[in-house]
Structures are given as structure tokens and as C-alpha cells.
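Student: predicted structure and sequence below. I'll ask about it afterward.
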Amino acid sequence: MEVRNFRIWVDADSCPVQVRELTVRFALRLKIPVKFVANHEIPFQKNELFEMIVCEAEQDAADNYIVENSDTKDLVITRDIPLASRLVDKKVCVINDRGCVFTESNIAEKLASRNLHYMLMENGALPENRKTGTFGKKELNLFANSLDRELQKKIRAES
């Protein structure tokens with residue numbers, strides 16, 4: 001089995017199960033190694049292409065591991081905007097679980113919006129348990145389209 005020269009990294013702590021499952025299907029079909037990184041073991045399909053990396057239970061340990069070990073050829077899946085910002089600075093392709101591709105042109109705005117949201121929560125202007133919206137077929141389809149598009153770019157770059 002010829003394996004691709006790039007990897008998919010999944011910030012698995014908060015990654016929806018449907019996104020992990022879809023990522024696994026793409027990776028199996030395209031023969032792409034996947035590294036699931038979290039502060040605890042998460043369930044995933046066992047396969048020689050897949051690895052679970054459990055980091056220390058310290059704040060940002062999984063994020064730091066991904067930043068330190070990912071490469072510009074790789075793709076990272078995360079909903080963590082500060083992590084996405086660090087990876088974009090490193091020139092790593094990053095998408096979230098709703099299909100948003102984080103880029104140099106949009107990451108500053110996304111980070112500023114996230115920071116404003118947290119500041120408003122801390123000052124009581126927004127409820128802390130505010131939902132980020134539902135995750136259904138539409139969001140999964142947006143993710144699948146973005147994942148496919150970004151993986152195809154990486155495969156073409158390999159050729």
C-alpha cells in the first residue's frame with residue numbers, strides 16, 4: 001500500500017464523531033495517515049494508517065503537540081481558533097469541523113471575533129453556555145466538501 005507523503009492531524013478533544021468518521025473514510029480511500037491528538041483516548045477505527053496520540057492533561061498540551069509535529073504539507077482539523085492561528089502562521093492548512101478553511105486573510109478576523117466573544121462572556125454580556133449552533137447534515141456536507149477540496153490540492157501538489 002502506497003501511503004501519501006502528508007498527514008491529517010485531528011484535534012480530537014472536541015471533534016464531532018461524524019467528522020472523525022468522515023475523515024477516516026477519506027483517509028482510507030486516499031491512503032492518508034491520520035494522527036488523532038487529544039488529552040484522553042478517543043474511539044477511532046483501528047488501522048495501520050491511524051494513530052491515537054494522548055498528550056498530558058495540561059492546558060494546550062494537544063495543541064502544542066500538533067503545532068510542534070505538523071508540517072506545511074499536512075492538513076489539520078480543529079475548531080480551536082488560537083490553534084488554527086498558530087498553524088496558519090506556520091503555513092499549515094487548517095479547516096474546522098464546519099468546512100471553514102483558515103487562511104492568512106481570514107484568521108485575524110476569526111481570532112478577534114473569538115476573543116471579543118470570550119471577553120463579552122467574562123463580563124456577563126453573553127451567557128457562558130451559549131450554543132455555537134447545531135451540527136447536522138448541512139455542516140457535515142460543508143466539512144466534507146472542504147476536506148475533499150483541500151486533500152485534492154495536497155494530492156496534486158505531491159504529483
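Tutor: Looks like it came in fine. Residues are numbered from 1 along each chain as shown.

Student: who does the residue nearest the centre of the chain bridge with?
Tutor: Nearest to the mean C-alpha position of the chain, by CA atoms, centre = their mean, lies I77 at 1.4 Å. Judged by DSSP bridges, the bridge partners of I77 are V10, I95.

Student: and it, how far is that from V54?
Tutor: Per CB to CB, to the nearest Å, I77 is found 18 Å from V54. C-beta here means a position set from N, CA and C on the backbone, and glycine is covered the same way.

Student: G136 too?
Tutor: Distance from G136 to V54, by CB to CB: 30 Å.

Student: got any ranges where the chain has weak pLDDT?
Tutor: Applying pLDDT under 70 to the chain flags residues 1, 108, 110-121, 125-133.

Student: just the strands from it, written as ranges.
Tutor: Applying DSSP state E to the chain gives strands spanning 8-11, 34-38, 50-54, 75-77, 93-95, 101-102.

Student: what are the contacting residues of the last one?
Tutor: Spelled out, that is strand 101-102. With contacts defined as CB atoms under 8 Å, 6 or more residues apart in numbering, strand 101-102 is touched by 81, 84-85, 87-88, 93-96, 110, 146, 150.
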